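*Asks:* Would you be able to build a 3D model of this:
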Amino acid sequence: MASLDAAGIATPASPGAPSRSLTGSLGVGAIVFMVVAAAAPLTVVGGGVPIAFLLGNGPGVPTMFVVTALVLLLFAVGLSTMARHLPRPGAFFTYVGHGLGRPLGLGTAHLALLTYTMVQAAVYGLIGTLLNSAIIDLGGPSIPWWVLSLAVAAVTGLLGYRHIDLSSKVLGVLLIAEIGIVLILNIAIMVQGGNQGLSLESFTPDAIFSGAPGIGLMFAVAGFIGFEATAIFRNEARDPDRTIPRATYVAVALIGTFYAFSSWALVMAWGPDNVVEAAAADPSGMIMATAETYLGGWASTTINVLLITSLFACILSFHNVISRYQHAMAGATAMPSRLGTVHPTHASPHRSSLVQTVTAAALIAVFAACGLDPELQVFAWFSGVATLGIVVLMALTCLAVLAYFRRHRTGAGLWQTAIAPAIGLVGLLGILLVVVANFPTLIGGSAGLADLFIAVVVAAVAIGVGQALLIRRRDPVAYGALTEAIAM
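*Replies:* Just a heads-up that it's a prediction; the model follows:
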């Protein structure tokens, strides 16, 4: 007979049974590396920011990152407070389950899986294309993008199967390299004075409200996807009550500062009057052209290589997050129990990792069979769905924080339990309205396609709610386990 451990994950009582509780000694730095790598900072600066210049508010884009970071810091206050009072690794679905009821909690779990799967699917499309281009540039043959993406999925699966420490070390090296080259470029731009001199024009009302600031804000929000997953690594943290909140704050601050500074440096590199024109000429090559101008050809080549490693780091990070979501849901009886086991040697959710690898490979195969363009369709469509999903998840979590602390007097301060989450909720609802209003532009498709993807997001929540209600009706014992795991 199984019992529930302190994290709410079912643990077998028999000595010979496989372990179901993840363990580890990850510190703040390791977890920050994991979630910041998921945000793929070089990919955002090199790929997302130029498009935000072009389709959004041009030189005002740096302000959008500042606004987003402030809203997400308020969100992080409530998230971190819940993490201290609810010692469970389920993150979004655990917190929503406690605050708004277990049916909606399970609906949130399904939406989180959809969101992170969509991010990973989008990046698989892009990395396959970039790898093929790199091989051709080196004189090699043209290889279908999906073949290369499947190879990346295999390497990711191998790392994800092993202990989390291995993934954190790989991600740490890749992250330092990609952030380092961008910071070197930023400093070079500052030293050389940019194209029109250094100024704070990006933070003036004229720049902020130029063009389409709503679209600029959407691209800024998309750049932060992944930071909120710190809580999912709770059982593998060295000192969860201290490590998880600190890692969450550090991740938001680091990502926000890096994006705001780097996007402002790009504006200065070309000049506020010329940055939109430069982005329109070659958005995907804008950062390489900037690097060649201010640092030389070596920097352009280096960034090209690190852009691919940045995408790989993003894939590996989300693979680990999805594997742990599935593991936590298995412990809550919401997924097959076999996904809740832990490898006796690697202390990893190995079966969940294998399922995630197969799922990724299957999606890549489906995209290839349907003839989808890996950039204009796979990357654009599914990164858009992920952006919508993550804003909905954060808004639900903010609402759950307010509801939970209204019912439970924990001794936490009013700022942590009410004021900050309430302001964060207002900000997230405003962002959600902007995302929905501009969703067709975000996914680069028609209004009909946008409606379909919005319906998929709603359906993910509905499926989870329906599953919880079905479990309650058909299997009261299983529903009791679900209750203990996510909504005690």
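
*Asks:* mind showing which ranges of the stretch 151-300 of the chain have poor pLDDT?
*Replies:* For the stretch 151-300 of the chain, the stretches with pLDDT under 70 are 163-168, 229, 231-232, 234-236.

*Asks:* how about the helices in it?
*Replies:* 164-192, 205-208, 213-222, 240-270, 275-281, 286-294, 297-331 (DSSP state H, counting those that start in this stretch).

*Asks:* what's in contact with the third one?
*Replies:* In this structure, residues lying in contact with helix 213-222 by Cβ atoms under 8 Å, 6 or more residues apart in numbering are 44, 48-49, 51-52, 55-57, 60-61, 64-65, 67-68, 259, 383, 386-387, 390-391, 431, 434-435, 437-438, 441-442. Quick note: C-beta positions are derived from backbone N, CA and C, even for glycine.

*Asks:* How about the contacts made by the residue lying closest to Arg246 once chain neighbours are set aside?
*Replies:* Closest residue in space to Arg246, ignoring its immediate chain neighbours: Val28 at 4.9 Å, by Cβ to Cβ, 6 or more residues apart in numbering. By Cβ under 8 Å, 6+ apart, the residues touching Val28 are Thr243, Arg246, Ala247, Val250.

*Asks:* isn't the first one right next to Ala30, touching?
*Replies:* No - the pair Thr243 / Ala30 is not scored as a contact, 9.1 Å apart, by Cβ atoms under 8 Å.

*Asks:* okay, and the common contacts of these two?
*Replies:* Between them, Thr243 and Ala30 share no contacting residue under Cβ under 8 Å, 6+ apart.

*Asks:* How about the contacts made by Gln377?
*Replies:* Gly125.

*Asks:* ok, now Phe439?
*Replies:* Gly384, Leu388, Ala450, Phe453, Ile454.

*Asks:* The last one is in contact with Gly389, isn't it?
*Replies:* When you say that, I think you mean Ile454. No - here Ile454 lies out of contact with Gly389, judged by Cβ under 8 Å, at a distance of 10.2 Å.

*Asks:* Now the residue nearest to the spatial centre of the chain: closest residue in space that isn't a chain neighbour?
*Replies:* Among the residues of the chain, the one closest to the centroid is Gly226, at 2.3 Å (Cα atoms, centre = their mean). The spatially closest residue to Gly226, leaving aside those adjacent along the chain, is Ala38, at 2.8 Å (Cβ to Cβ, 6+ apart).

*Asks:* Same check on Gly444?
*Replies:* Distance criterion Cβ to Cβ, 6+ apart; nearest residue to Gly444, sequence neighbours excluded, is Ala380 at 4.1 Å.

*Asks:* Would you mark the buried spots in the helix or strand where that neighbour lies?
*Replies:* Per DSSP states H and E: Ala380 is located in helix 380-407. Using 16 or more other Cβ atoms under 10 Å as the test for burial, helix 380-407 gives 380-405.

*Asks:* Show the secondary-structure elements that that helix is packed against.
*Replies:* Counting contacts by 3 or more Cβ pairs under 8 Å, 6 or more residues apart in numbering; DSSP states H and E, helix 380-407 packs against helix 61-85, helix 92-100, helix 102-137, helix 213-222, helix 420-437, helix 439-443, helix 447-474.

*Asks:* Make JSON lines out of those helices and add distance to Leu183.
*Replies:* Putting those into JSON lines (distance: least, Cβ to Cβ, whole Å) gives the following:
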{"stretch": "helix 61-85", "distance to Leu183": "16"}
{"stretch": "helix 92-100", "distance to Leu183": "32"}
{"stretch": "helix 102-137", "distance to Leu183": "22"}
{"stretch": "helix 213-222", "distance to Leu183": "19"}
{"stretch": "helix 420-437", "distance to Leu183": "28"}
{"stretch": "helix 439-443", "distance to Leu183": "29"}
{"stretch": "helix 447-474", "distance to Leu183": "35"}
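
*Asks:* so which of those gets nearest Met329?
*Replies:* Closest of these to Met329 is helix 102-137, at 5.4 Å (criterion: Cβ to Cβ).

*Asks:* re earlier: which member of the contacts of Val28 is positioned nearest Leu72?
*Replies:* Val250 (12.6 Å).

*Asks:* Val461 versus Leu86, what's the distance?
*Replies:* For Leu86, the distance to Val461 (Cβ to Cβ, to the nearest Å) stands at 21 Å.

*Asks:* ditto for Ile189
*Replies:* Going from Ile189 to Val461 by Cβ to Cβ gives 44 Å.

*Asks:* returning to that earlier point: out of the contacts of Val28, which is most surrounded?
*Replies:* Ala247 (28 neighbours; other Cβ atoms under 10 Å).

*Asks:* How about the contacts made by that residue?
*Replies:* Val28, Ile31, Val32, Val35, Thr230, Ala237.

*Asks:* Need the winner for burial among the helices and strands packed on helix 380-407.
*Replies:* helix 92-100 (a mean of 28; mean count of other Cβ atoms under 10 Å).

*Asks:* now it, how far from the centre of its chain.
*Replies:* 19 Å (Cα atoms, centre = their mean, to the nearest Å).

*Asks:* again with stretch 230-247
*Replies:* Relative to the centre of its chain, stretch 230-247 is centred 17 Å away, using Cα atoms, centre = their mean.

*Asks:* let's number from 680 now, not from 1
*Replies:* All right, first residue 680 from here; so that's stretch 909-926.

*Asks:* close enough to count as contact, the residue nearest to Gly1123 and Leu1128?
*Replies:* No - using Cβ under 8 Å, Ala1059 is not in contact with Leu1128; the gap is 10.4 Å.

*Asks:* low-scoring stretches of the stretch 980-1129 of the chain, by residue?
*Replies:* Scanning the stretch 980-1129 of the chain for pLDDT under 70 picks out the ranges 1011-1012, 1025-1026.

*Asks:* Just to check, the residue nearest to the centre of the chain is in contact with Asn999?
*Replies:* No - no contact is recorded between Gly905 and Asn999 when judged using Cβ under 8 Å, the distance being 10.7 Å.
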